[in-house]
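Peer 1: just the structure for this:
(chains A and B)
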Amino acid sequence: MPVTDVAHDLDALTLTITADFAAPVDRVWRVYEDPRQLERVWGPPTYPATFVDHDLTPGGRMNYYLTSPEGEHHYAYWDITHVQAPTGFGFRDGFALDDTFTPNPAMPQSTQEIALTEADGATRATFVSTYASAEDLQTVLAMGVVEGASSAINQIDDLLAA
Amino acid sequence: MNEMDEDRADAWFHALSDRTRRDILRRVLAGEHSVSTLAKSYDMSFAAVQKHVAVLERAGLLTKRRQGREALASGDVEAVRSVGAMLTDLEALWRGRIDRMDELFAEDAPTTDTTTHGTD
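Peer 2: Sure thing, here's the model as predicted:
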C-alpha cells in the first residue's frame, strides 16, 4: 500500500496524507499535467471527473465536473495558486454554479497542497487538504463525493460498540 | 450502552432504513431546503415527503424552522457527523486517489510507456 502516513488535525480541519509511489517524480507530475490521467485519479469510480479546461500555471484554471451515479453534473474548479514543476503545486478547489464554471459563492472552497520529493528513484508525495469550517467539510462530503461507508453509518457502528 | 443511546439508535436505524429519507438527509446536510422544494424532487405527495421529514426530525438528524409560510429543513451536522468522522471520509477519498495513481504507474511499468520505448 502506498500510503505511509495520515494525520488528522481536528482544530485546523486539515488532512495530511503521505504516500510513496514506485515511480520517479517526473512520472508522478505527468498525472497532473495530463487531464486524461488526472481524471482517472481525481474522482471516485462512483463520481468520475471530467476535466474540460486545464491550465496548470500560477493563476491558471482547471475546470472539471463530477458525474453523479444519477448522471447529474457537479461543476467544480481549481484555482492554481502556485506551481513548482515538477515538485508540487497548490490550488483552491471549489464548486461552480454551472457549465460556465463561475464560482458558486454559496459553496465552500478548500485549500490543497501537493508536494513531491525524490527518494531513490521513487516519489514521496504529500497531500494536504484544509477546510475553513466543519460546515464546509460537511457540505463537500454531502455532495456525495465519498468512498466507502459514510460517517453516519460509521457513527452508528460506534454507538452499537459503546 | 444505556437506554437513551438504545432509543437513539432505534430512531436512527428507522430513519435511515428508507432510501427517500437518506436522500432527503443528504440534501439538507448540504444546505437548508424548504419542505416544498424537497417535495418537488420526489415522485410522491407533499404529505408523504412531509412525513419523511418528520421521521428525520424525531430522530434528531434534521431541524426545522419556519419562515413565513415555508418550513425550512436543515441537517444537524453535529448529530450526524463529528469532525473526526468527516476527516475519515476525506481520508478514504484521498486513499482512493492514491490507489488509482498507484495503478496508473503499475500499468506503464512493463511496456506501455511509449516515450521511453526502445531507449533502454
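Peer 1: nearest the geometric middle of chain A, what residue?
Peer 2: A:Trp42 (6.4 Å; Cα atoms, centre = their mean).
Peer 1: I figured it hits A:Ala49, correct?
Peer 2: Yes. Between A:Trp42 and A:Ala49 a contact is recorded at 4.3 Å, counting by Cβ atoms under 8 Å. (Each C-beta comes from the backbone N, C-alpha and C, glycine too.)
Peer 1: joint contacts of these two?
Peer 2: Jointly contacting A:Trp42 and A:Ala49 under the rule Cβ atoms under 8 Å, 6 or more residues apart in numbering or on different chains are A:Tyr64.
Peer 1: pLDDT value on the closest residue to B:Met86 other than its chain neighbours, please?
Peer 2: In space, and not counting its chain neighbours, B:Met86 is closest to A:Leu137: 4.9 Å by Cβ to Cβ, 6 or more residues apart in numbering or on different chains. Per-residue confidence (pLDDT) for A:Leu137: 85.
Peer 1: in chain B, what helix or strand scores lowest on average pLDDT?
Peer 2: Least confident element among the helices and strands of chain B, by mean pLDDT, DSSP states H and E: helix B:77-80 (a mean of 68).
Peer 1: next SSE downstream of that one?
Peer 2: helix B:83-107 (DSSP states H and E).
Peer 1: which parts of chain A are strands?
Peer 2: With DSSP state E as the criterion, chain A has strands at A:3-9, A:14-21, A:49-54, A:61-67, A:73-84, A:88-95, A:109-119, A:122-131.
Peer 1: what's the local residue count around residue 32?
Peer 2: Since no chain was named, I'll use chain A. Neighbours of A:Tyr32 under the rule other Cβ atoms under 10 Å in any protein chain shown: 22.
Peer 1: let's do chain B instead
Peer 2: 15.
Peer 1: can you check B:Ala11 too?
Peer 2: There are 16 residues near B:Ala11, going by other Cβ under 10 Å.
Peer 1: thinking it is in contact with B:Arg58, fair?
Peer 2: Yes. The pair B:Ala11 / B:Arg58 is scored as a contact, 6.3 Å apart, by Cβ under 8 Å.
Peer 1: for stretch A:99-112, buried residues please.
Peer 2: A:Phe101, A:Pro103, A:Asn104, A:Met107, A:Pro108, A:Gln109, A:Ser110, A:Gln112 (16 or more other Cβ atoms under 10 Å in any protein chain shown).
Peer 1: could you list the residues in contact with it?
Peer 2: A:53, A:61, A:63, A:65, A:73, A:75, A:77-78, A:90-97, A:127-133, A:135-137, A:139-140, B:31.
Peer 1: quick one: the helices in chain B, in order.
Peer 2: B:3-16, B:19-30, B:35-40, B:46-58, B:77-80, B:83-107 (DSSP state H).
Peer 1: worst mean pLDDT among the ones you listed?
Peer 2: Among the helices of chain B, helix B:77-80 carries the lowest mean pLDDT, a mean of 68.
Peer 1: can you say which of the helices of chain B is nearest to A:Asp11?
Peer 2: helix B:83-107 (8.8 Å; Cβ to Cβ).
Peer 1: gap between that closest one and the chain center?
Peer 2: 18 Å (Cα atoms, centre = their mean, to the nearest Å).
Peer 1: just the buried residues of that helix, please?
Peer 2: B:83, B:85-102, B:104-105.
Peer 1: burial of B:Arg69, as a residue count?
Peer 2: Residues within reach of B:Arg69, counting by other Cβ under 10 Å, total 7.
Peer 1: where's the closest residue to B:His52 other than its chain neighbours relative to chain A, distance?
Peer 2: Leaving aside its chain neighbours, B:His52 sits nearest to B:Arg21 (5.0 Å; criterion: Cβ to Cβ, 6+ apart). B:Arg21 is 11 Å from chain A, where distance means Cβ to the nearest Cβ, to the nearest Å.
Peer 1: name the residue closest to the centre of chain B, please.
Peer 2: Centroid-nearest residue in chain B, with Cα atoms, centre = their mean: B:Arg26, separated by 4.3 Å.
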